[in-house]
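Chemist: Predicted model and sequence below, questions to follow.
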Amino acid sequence: MRFAPNSLWCRVVSAIYSNGSCTKESAWWKDVKVACGGEGEGWFQEGILKHVRAGNATKFWLEDWSGVGILRERYFRLYNLSRLKGAFISDCGVWVQGVWNWKFEWRRPIVGREVLWLQNLISDLAGVRLVENSMDKWTWSPSPDGVYSVNSSYSFLQVADLAPPNPIFNLIWHAAAPSSVVAFARRCILDRIPCFESLLKRHVISSYDAAVCLFCQKDIETSFHLLFSCTFALDVWYGCLNWLGISSALPMEPRAHLLQFRFGSYTSHNQGLMTIWLAGIWTLWLSRNAKVFRQEEAIVTNALELIKLRSWQWIRTKITTFGYSIFEWYSNPLLCIQCM
């Protein structure tokens, strides 16, 4: 199910155990889907490790085996040119007197910048050491002998359940935003929102060209890119900082980005700034959806106005002691937050 989801036996098993409703599926079937790379990868995915030996059971472009990420995502232009898109590692080269030599097949000659990309690909693969006449294998890391057992899984889950909660989630949970927005923020931090990259991995869309960010038209739309590093998103966030009267560099990772919007340990101050941050990611997401589904143009000034309005409405609704007008909020948000 993980590597041949369209095979006959996989479709038969899915037809038997999946009733078409995620809410009515058994816990067993949900875990099977997670183990096979479905949405919400969790404990099982963390426990399994793949050891690449000769590369005869590992997809060259489609699996994360090289130490630099999934090669299809890192070199998607070369992937589109490849004639061996679904090939195993062992199909992408030959053994010559005990030494492995990469040998790729392309639909046309490599030209221009593609030559540099190919050089970078070969450089990334320089540290890979394949073993001739051996088989790739999976191991179960929680077990000393690498063999899966129910007992080792139970012990692994017991330890996972004792892990302390992430303090980042406490920050957003206490913000004065609707629960749906807080839930979206949590999914964003965990990189589980349905951006184009996620849809591409699940074969909902099939072309890398269709997965390019609609705002900047430059990079693949990942959740982190869309909300934090895209040129449109950066203009919106720096506009927010300018409105707040704060001068700061902004990280591209959601946890670090969130921590830029806080006042030390002052709970009430953080509550206001967290609400602004939530309004920011929510507005960017809605702007993206408006562009995808209604072809509406995304404008930085309009997004900033919506962030100001939404954050004021949310705070005024959730915090009864907040009595500042929309004009006061627009004029001096930090003063309003400090007096909360």
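Modeler: Cool, the structure landed.
Chemist: max-length helix in this structure?
Modeler: helix 267-294 (DSSP state H).
Chemist: next one: that helix to chain centre, how far?
Modeler: The chain centre lies 18 Å from the centre of helix 267-294; the measure is C-alpha atoms, centre = their mean, to the nearest Å.
Chemist: low-scoring stretches of the stretch 1-150 of the chain, by residue?
Modeler: Along the stretch 1-150 of the chain, the parts satisfying pLDDT under 70 run over 1-7, 9, 16-45.
Chemist: let's see it at 80
Modeler: Within the stretch 1-150 of the chain, the stretches with pLDDT under 80 are 1-50, 66-69, 138, 148.
Chemist: Show me where the stretch 101-250 of the chain has its strands.
Modeler: 137-140 (DSSP state E, counting those that start in this stretch).
Chemist: Show me the helices in it, by range?
Modeler: 113-124, 150-161, 167-173, 179-189, 196-201, 223-224, 231-244 (DSSP state H, counting those that start in this stretch).
Chemist: Reformat those as TSV; add mean neighbour count and distance to W277.
Modeler: From N, CA and C alone the C-beta is placed, and that goes for glycine too. Output for the helices of the stretch 101-250 of the chain, formatted as TSV (neighbours: other C-beta atoms under 10 Å; distance: least, C-beta to C-beta, whole Å):
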stretch	mean neighbour count	distance to W277
helix 113-124	13	35
helix 150-161	12	28
helix 167-173	15	8
helix 179-189	17	8
helix 196-201	19	22
helix 223-224	20	15
helix 231-244	19	8
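Chemist: out of these, which comes closest to G47?
Modeler: Nearest to G47 among the helices of the stretch 101-250 of the chain is helix 150-161 (5.9 Å), distances taken as C-beta to C-beta.
Chemist: Which strands or helices does that closest one pack on?
Modeler: The contact analysis (3 or more C-beta pairs under 8 Å, 6 or more residues apart in numbering; DSSP states H and E) places helix 150-161 against helix 43-47.
Chemist: right, and the helix or strand after the helix it packs on?
Modeler: On the C-terminal side of helix 43-47, the closest following helix or strand by DSSP states H and E is strand 48-51.
Chemist: Report the buried residues of stretch 72-80.
Modeler: R72, E73, R74, Y75, F76, L78, Y79 (16 or more other C-beta atoms under 10 Å).
Chemist: one step back: which among the helices of the stretch 101-250 of the chain is found nearest to R310?
Modeler: Closest approach to R310 among the helices of the stretch 101-250 of the chain (C-beta to C-beta): helix 179-189, 8.7 Å.
Chemist: could you dump that closest one to CSV, C-alpha only?
Modeler: Taking C-alpha atoms only, helix 179-189 is exported to CSV below (Å, rounded to 0.1, in the frame of the first residue of the first chain):
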residue,chain,number,x,y,z
SER,A,179,-11.2,27.9,17.6
SER,A,180,-11.1,27.1,13.8
VAL,A,181,-8.3,29.6,13.3
VAL,A,182,-6.3,28.1,16.3
ALA,A,183,-6.8,24.6,14.8
PHE,A,184,-5.5,25.9,11.5
ALA,A,185,-2.4,27.4,13.2
ARG,A,186,-1.7,24.1,14.9
ARG,A,187,-1.9,22.3,11.5
CYS,A,188,0.3,25.0,10.0
ILE,A,189,3.0,24.5,12.7
